[in-house]
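Novice: Here's a sequence, model it:
(chains A and B)
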Amino acid sequence: MDINNNILVIEGLSVGYGEPGAAGKPVFSGISLRAGKGESIAVIGKNGVGKSTLLRTIGRLQKPLGGKIHVKGSDIMHYKRNAFARLISFVSTETIHVSNMSVFHLVSMGRYPYTGWTGKLGDDDYTIVNEAVHLAGIDDLKCKPINEVSDGERQRAMIARALAQDTEIIILDEPTAFLDLPGKYEIIRLLNELTANKGKTIIFSSHDLNITLQETDKIWLMHNNKITEGAPEDLIINKDIYSLFKDSRISFNFESGDFRLARRKVGKITLKGEGPLKYWTQRALERLGYEICDEPDEGTSVLINDKNKTAEWIVMKKGIEIKCNSIYNLSLHLRNINS
Amino acid sequence: MISWEAKTKLDKRINNRIVLILVILTGLLIILFVADLCAGPVKIPVRDIFSMLLTGNSENQIWATIFFDFRIPKAVTAVMAGAALSVAGLQMQTIFRNPLAGPYVLGISAGASLGVALLVMGFSSYLTSQSVNYFGNWAQIIAACMGAGLVLFLILAVSARVQDIMTILILGILFGSATSAIVSIIQYFSHQSMLKAFVVWSMGSLGNLSAQQLNILIPCIITGLFFSFIFSKILNALLLGETYARSLGVNIKFARIMLFISTSILAGSIMAFCGPIGFVGIAVPHIVRILMKCANHYWLIPGSMITGAIMLLVSDIVSILPGFDAMLPVNSVTALLGIPVVIWIILQNKKITSISQ
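Specialist: Predicted coordinates for the structure are as follows:
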């Protein structure tokens, strides 16, 4: 065991389709990664780069084409099926549409590796299933059929099922896909609670960069046949994140850590004001393509007047003054001036 | 503690309801079994039916022969066939996650009919008509078994190599179509009387079994049902799809092969002894799911067994056409009786019940 207390160690792994050996078609090779106990890890990269393939390989749903995956010090291929099912659980992107299956029944399927041949739940199993349901915050839905709940609720039920499986590692393939923004944050918050309070190691793939950069302990970045791991902040400081957007029209803001579409430049503008009003006005101006400069300029300038009850924005250009009562009006005027 | 409250609330309520449904169905099954024994062209009073059931003989020798050599084997065959086909259909619907799958989806029926077609229309020209009559029954059974076995072997060989379950489904349908095409060619070139014999076989019959043949059929069906019951836990896991089943620790290839074998024993032996009996295998699992409102095979399997038996007993009683001297082919009756029931259920539920979308 090394100092980092790694529960999952991947060495020189190559993932892809087909059989190991010459016949295999690797999607991604040379993967060496670590996952610590109680960490939340996001796998990010473009569509088709091999995120799902990597996760499926770790979950032993497909064979590795080369290299080794060690969980708790042993090669995963050496675990018996049942023992492995008690070690790693998997939540896929597939939506389950079984009619007549209640949420409770679905979650209780997680006890499969622990029950006897009839699949009958014992008292302990009931306690664990109910706890999983409770942790996922779906107590009210227990009796509801699984094909009558919303996408977010179904995703929670699937996570509860993985919790009922009582594994140290939970792998989720795009758990936040198809969810609205609050839904995405709710799921990520739930995952973070599980790492913090239950000591679970959670590995999930995601396209929601803003959320994952803010909320995860570690990022596995897959790009250009290279996989980089580190805290999200490390990847930002080392400029690894930039590589994702090299060829696209998206720019990454180094200070705030978020993404903007690259825009056409309209010109420079001076902005005077204070507080949140200034911040949001600046965002609007940037969206319109202005570069903000502090020096008074002979060009256009915007002054925010928040002395009165309602704020107003005063646009000045070549001595002409126009007053606007909202940012939207301001943007209309600025467009007029330019055309 | 949340756990005990939840346990008593959820589990007991659901289980009580399902047990009640099973008890009612069993009662219905017993009533229909006796009704089936009473139905037939020769009228035997109900009192004598009961006394024969209890004492095992009767003063009226003709009645005793009709009762013990014909009606009881036929009613028992109906129960066996109904239970076997329904459970086979349930298994196939779950493993393929397809509401339209049935016991014959693997092409087993096509394989069996190829065996019988070869026997009846191909080789029988080498036999005298008397020897056909003498061997007829057993030879048909063996031919059907060999045909079904051949298709099963192909399916198993494929499923050991192919990952995707949908590919297996499509290959099963293709095998079935190919064998049906060969059967059509044999029919085209065969003699009229042989053709009639084959067509009669293809209409299905519950009444051709001797007590001796039942002694083979019953253990086959019980073995198949036993397998199915043992695999109810695996079937439950397969409801979630193969990815989830695998991550729960199910050995998918083993599960598939065992379930295919169990389905083939169930559907294949009914096919061999009774000929093709359609529709029961597709319709009954849906009826049971709607009745029980549950997805647990631990309950669905016994439910399907009993409901399937009920459905075939009703079909048999109707096919005797009480009051007339003629009999209808049972294969047509199951469809004509079952289809309105299922249409009614679907319209009542205002959506097509499916095990998966």
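Novice: And the residue of the stretch 151-300 of chain B that's closest to chain A?
Specialist: B:G249 (3.3 Å; CB to the nearest CB). (Glycine included, C-beta is placed from N, CA and C.)
Novice: Leaving out the residues flanking it, which one is nearest to that residue?
Specialist: Leaving aside its sequence neighbours, B:G249 sits nearest to A:A85 (CB to CB, 6 or more residues apart in numbering or on different chains; 3.3 Å).
Novice: ok so, going back, quick one: which helix or strand includes the residue of the stretch 151-300 of chain B closest to chain A?
Specialist: Counting by DSSP states H and E, no helix or strand carries B:G249.
Novice: B:L54 too?
Specialist: Counting by DSSP H and E, B:L54 is part of helix B:46-55.
Novice: That helix: which residues count as buried?
Specialist: Across helix B:46-55, burial judged by 16 or more other CB atoms under 10 Å in any protein chain shown covers B:D48, B:I49, B:M52.
Novice: List the contacts of the last one.
Specialist: Yep, that's B:M52 we're talking about. Applying CB atoms under 8 Å, 6 or more residues apart in numbering or on different chains to B:M52 gives the contacts B:S58, B:W63, B:A64, B:F67, B:F68.
Novice: Generate CSV for these, with pLDDT, secondary structure and distance to B:I222 as supplementary columns.
Specialist: As requested, the contacts of B:M52 are arranged in CSV below (pLDDT from 0 to 100; DSSP: H, G, I helix; E, B strand; the rest coil; distance: CB to CB, whole Å):
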residue, pLDDT, secondary structure, distance to B:I222
B:S58, 74, coil, 29
B:W63, 85, helix, 30
B:A64, 84, helix, 27
B:F67, 85, helix, 24
B:F68, 85, helix, 22
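Novice: Now the buried members of the residues you listed.
Specialist: B:S58, B:W63, B:A64, B:F67.
Novice: check contacts around the third one.
Specialist: Residues in contact with B:A64 (CB under 8 Å, 6+ apart) are B:M52, B:N57, B:S58.
Novice: in the stretch 201-350 of chain B, which spans are helices?
Specialist: Here the stretch 201-350 of chain B has its helices, by DSSP state H, counting those that start in this stretch, at B:211-230, B:232-238, B:242-247, B:252-274, B:280-292, B:297-319, B:330-349.
Novice: Now the weakest link among these, please, by mean pLDDT.
Specialist: Among these, helix B:330-349 carries the lowest mean pLDDT, at a mean of 78.
Novice: Tell me the one of the contacts of B:M52 nearest B:A75?
Specialist: Nearest to B:A75 among these: B:F67, at 10.2 Å, using CB to CB.
Novice: count of neighbours near the nearest residue in space to B:L240 that is not next to it in sequence?
Specialist: Leaving out its chain neighbours, the residue that sits closest to B:L240 by CB to CB, 6+ apart is A:I96, at 5.8 Å. Neighbourhood size, A:I96 [other CB atoms under 10 Å in any protein chain shown]: 20.
Novice: Return the distance of A:I96 relative to B:I290.
Specialist: Distance of A:I96 to B:I290, given as CB to CB, to the nearest Å: 19 Å.
Novice: same deal with B:V162?
Specialist: 33 Å.
Novice: Make sure B:S113 is actually in contact with B:I182.
Specialist: No: using CB atoms under 8 Å, B:S113 makes no contact with B:I182, being 9.7 Å away.
Novice: before we move on, the earlier item: okay, the contacts of B:M52 in JSON lines with distance to A:W117 next?
Specialist: JSON lines is the format used below for those (distance: CB to CB, whole Å):
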{"residue": "B:S58", "distance to A:W117": "45"}
{"residue": "B:W63", "distance to A:W117": "47"}
{"residue": "B:A64", "distance to A:W117": "44"}
{"residue": "B:F67", "distance to A:W117": "41"}
{"residue": "B:F68", "distance to A:W117": "39"}
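Novice: for these, which one is nearest A:K318?
Specialist: Among the contacts of B:M52, and counting by CB to CB, the member closest to A:K318 is B:F67, at 113.0 Å.
Novice: what's the nearest residue to the closest one if we skip its chain neighbours?
Specialist: B:M52 (5.2 Å).
Novice: Can you tell me how far the one you found is from A:S40?
Specialist: Going from B:M52 to A:S40 by CB to CB gives 73 Å.
Novice: Over to B:G40?
Specialist: Taking CB to CB as the measure, B:G40 falls 72 Å from A:S40.
Novice: So those two - more neighbours on which side?
Specialist: Each of B:G40 and A:S40 has its neighbours counted (other CB under 10 Å); A:S40 has more, 22 against 18.
Novice: any idea which element A:F84 lies in?
Specialist: Secondary structure assignment for A:F84, by DSSP H and E: helix A:81-85.
Novice: So which bits of that helix are buried?
Specialist: Neighbour counts over helix A:81-85 (16+ other CB under 10 Å) mark A:F84, A:A85 as buried.
Novice: name the helices or strands packed onto whichever helix or strand comes after that helix?
Specialist: Going down the chain from helix A:81-85, the next helix or strand is strand A:88-91, by DSSP H and E. Applying 3 or more CB pairs under 8 Å, 6 or more residues apart in numbering or on different chains; DSSP states H and E, one finds that strand A:88-91 contacts helix A:51-58, helix A:151-164, strand A:169-172, helix B:242-247.
Novice: out of the contacts of B:M52, who's nearest A:L221?
Specialist: Ranked by distance to A:L221 (CB to CB), these are led by B:F68 at 78.5 Å.
Novice: Can you read off the pLDDT for the residue in the stretch 1-150 of chain A that chain B sits nearest to?
Specialist: Residue nearest to chain B within the stretch 1-150 of chain A (CB to the nearest CB): A:A85, separated by 3.3 Å. A:A85 carries a pLDDT score of 94 in this model.
Novice: do you know how far it is from B:G89?
Specialist: Distance of A:A85 to B:G89, given as CB to CB: 29 Å.
Novice: care to break chain A down by domain?
Specialist: According to automatic domain parsing, chain A comprises the domains A:6-251, A:267-338.
Novice: so B:G40 sits right up against B:R71, yeah?
Specialist: Yes: in terms of CB under 8 Å, B:G40 counts as a neighbour of B:R71; the distance is 6.2 Å.
Novice: Which residue, other than its chain neighbours, is closest to B:G207?
Specialist: The spatially closest residue to B:G207, leaving aside those adjacent along the chain, is B:K74, at 4.7 Å (CB to CB, 6+ apart).
Novice: contacting residues around the one you found?
Specialist: Contacts of B:K74 (CB under 8 Å, 6+ apart): B:D36, B:L206, B:G207, B:L209, B:D316.
Novice: and it, that's in a strand?
Specialist: No: assignment of B:K74 by DSSP: H, G, I helix; E, B strand; the rest coil gives helix, placing it outside any strand.
Novice: interface residues of the stretch 151-300 of chain A facing chain B?
Specialist: Within the stretch 151-300 of chain A, the residues that sit near chain B (CB under 8 Å from any CB of the partner chain) are A:Q165.
Novice: B:N296: what's its closest spatial neighbour, skipping adjacent residues?
Specialist: Closest to B:N296 by CB to CB, 6+ apart is B:N236, at 6.2 Å.
Novice: Neighbours of that neighbour, how many?
Specialist: 25.
Novice: what about the closest residue to A:N224 other than its chain neighbours, neighbour count?
Specialist: Closest residue in space to A:N224, ignoring its immediate chain neighbours: A:S243 at 6.8 Å, by CB to CB, 6+ apart. Applying other CB under 10 Å, we find 15 other residues in the vicinity of A:S243.
Novice: where's A:S243 relative to chain B, distance?
Specialist: As for A:S243, its distance to chain B is 31 Å (criterion: CB to the nearest CB, to the nearest Å).
Novice: unless I'm mixing things up, B:I339 is touching B:F279, no?
Specialist: Yes: counting by CB under 8 Å, B:F279 is a contact partner of B:I339 at 7.2 Å.
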